[in-house]
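**Student:** structure for this input, please:
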Amino acid sequence: MSFLGHFQLLVFLYALLLLSAESRKPQVFHDTESSDDGAEGTRWAVLVAGSNEYENYRHQADICHAYQILRKGGLKDENIIVFMYDDIAFNPKNPRRGVIINRPDGEDVYQGVPKDYTGEAVNVDNFFSVILGNESGVTGGSGKVVKSGPNDNIFIYYADHGASGFLSMPIGEGLYAEDFIKVLEKMHMLNRYKKMVIYIEACESGSMFEELLKTNLNIYAVTASNAEESSFGMYCGDTNPPSPPEYNGLCLGDEFSVSWLEDSELHDMTKETLKQQYQVVKRRTRFSHVCRFGSEELLKDYLVSYIGTNPEKKNFSLAGFTASQISNVSLVNARDIPLLYLHKKIQKYPMDSPERQEAQKNLLDEMNHRKQIDQNIIEILRLSLNQTNVLNLLTSTRTTGKPLVDDWDCFKTLVKSFKNLCGAKMEYGMKYTGALANICNMGVKVKQTVSAIEQVCVY
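**Tutor:** You can find the predicted model right below:
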């Protein structure tokens, strides 16, 4: 080969190396309006704490922590929308007034968090209006909505109580899986985003997407648990490092949420992909099964495209890294956290004190209520199905790979009746929504089951 031939070959190989290196660079969003050529896009984030009351401290702590990561990562306040009841930081029970922490030795994560939608404005109608960009549809709050376009990425993080088929809201109806999926599909049809990532912390959160979220919507979703199990509270007192004694009985965070939040703080998010974070979080979350749904093409995307950068970790390498596991002692089943809170409250006060007696009464009332709910759902199944042996129907009998229920109208009606007539609460009673789904899937008439619920819980 001639000298000229060798030279041309070297130039060709060098060009290939440059192209290869360029293709491995992460796509960076600059949080500006989309340029005419579509090369840039805006990162939007919607953060939702779907509970209220001091005992649910952890949900608002998770959301506030996420906000701090997003802001530090470069997202602007105008592109971050926060839903939280905002009854924790200045709650009389809070030992550190105006402060919320998400880990035992953690800093305040409440400072600077925008109060977009608080109190009664934290509801499903406002949530849907916000993500659809419907300014006229919101009631109360800041009025801020996601004004996204076809070049923009959206990140949604929801921390809350959950049950089979829906997530809680502190005001009004819950967020049902079918309704959520319809809104997401509408957003896709209207070209309201380029790509979307959704993280959900809740019991039975896998039921929100299983066999419901299509793979062609450019949406990637991760849930704290599968469709049939609880998620777990974390940093509940007995931890290393130990929780401050004034927080004894509270869970400061949730296992899944703390895993992805702390992972995001540790790594260079321009180099860590969604797939790598999923693997780390799945490994750290040991008491529930972290699941993923939707468009797996997004797995190769870097975190920076959704939640920003971490400039302090720009030289961090994932090579050889293994995330530390979470201590078993610090984890509590989310449905048992109210019992832990009352139990620790009893231990806190002296014998014969009014505070101790009140806590003992509240614990006894809660245990009796749970026992009554257990009995109610069994009797409702027996009357609805005209069967005596129904214990195998207390949880969803749907096999993996099928949605929770076929008739969502039937399911919603039964859930509302069970909640309103039997007093079933998200913390415990709603764990039986899988049983209600079974009734719908077996073709029982809705009126027949509502009548059974009335007979058991009212008359």
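
**Student:** ok, the closest residue to residue 432 other than its chain neighbours - contacts?
**Tutor:** Spatial nearest neighbour of residue 432, excluding adjacent residues (CB to CB, 6 or more residues apart in numbering): residue 377 at 4.5 Å. C-beta here means a position set from N, CA and C on the backbone, and glycine is covered the same way. Applying CB atoms under 8 Å, 6 or more residues apart in numbering to residue 377 gives the contacts 394, 418, 432, 435.

**Student:** any idea which of these is the one closest to residue 163?
**Tutor:** For the contacts of residue 377, the residue nearest residue 163 by CB to CB is residue 432; the value is 8.2 Å.

**Student:** for the closest one, helix, strand, or coil?
**Tutor:** Under DSSP: H, G, I helix; E, B strand; the rest coil, residue 432 falls in the helix class.

**Student:** same deal with residue 56?
**Tutor:** Classified using three-state DSSP, residue 56 is helix.

**Student:** could you shift the numbering so residue one becomes 188, and keep it that way?
**Tutor:** In the new numbering, first residue 188, that becomes residue 243.

**Student:** what number of residues lie near the closest residue in space to it that isn't next to it in sequence?
**Tutor:** What sits nearest to residue 243 in space, not counting adjacent residues and going by CB to CB, 6+ apart, is residue 348, at 7.6 Å. Residue 348: 26 surrounding residues under other CB atoms under 10 Å.

**Student:** put the alpha carbons of stretch 532-541 into PDB.
**Tutor:** The C-alpha trace of stretch 532-541 is given here as PDB (Å, rounded to 0.1, in the frame of the first residue of the first chain):
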ATOM      1  CA  LYS A 532     -45.500   7.300  72.100                       C
ATOM      2  CA  ILE A 533     -46.600   5.000  74.900                       C
ATOM      3  CA  GLN A 534     -43.000   4.300  75.900                       C
ATOM      4  CA  LYS A 535     -42.200   8.000  75.800                       C
ATOM      5  CA  TYR A 536     -44.500   9.100  78.600                       C
ATOM      6  CA  PRO A 537     -44.500   8.200  82.300                       C
ATOM      7  CA  MET A 538     -46.900   5.600  83.600                       C
ATOM      8  CA  ASP A 539     -50.400   7.000  84.500                       C
ATOM      9  CA  SER A 540     -49.700  10.200  82.600                       C
ATOM     10  CA  PRO A 541     -52.600  11.500  80.500                       C
END
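
**Student:** if we look at that stretch, which residues are touching it?
**Tutor:** With CB under 8 Å, 6+ apart, stretch 532-541 has contacts from 435, 436, 542, 543, 546, 547, 550.

**Student:** now the longest helix along the chain: buried residues?
**Tutor:** With secondary structure taken from DSSP state H, the chain has its longest helix at helix 541-572. Across helix 541-572, burial judged by 16 or more other CB atoms under 10 Å covers 543, 546, 550, 553, 556-557, 560, 563-572.

**Student:** could you do stretch 474-486 as well?
**Tutor:** Using 16+ other CB under 10 Å as the test for burial, stretch 474-486 gives 474, 475, 477, 478, 479, 480, 481, 482, 485.

**Student:** what separates that stretch from the chain centre, distance-wise?
**Tutor:** Distance of stretch 474-486 from the chain centroid (CA atoms, centre = their mean, to the nearest Å) equals 13 Å.

**Student:** ends of that stretch, how far apart?
**Tutor:** Distance across stretch 474-486, first residue to last, is 24 Å (CA to CA, to the nearest Å).

**Student:** how about stretch 582-592?
**Tutor:** Stretch 582-592 end-to-end distance (CA to CA) = 12 Å.
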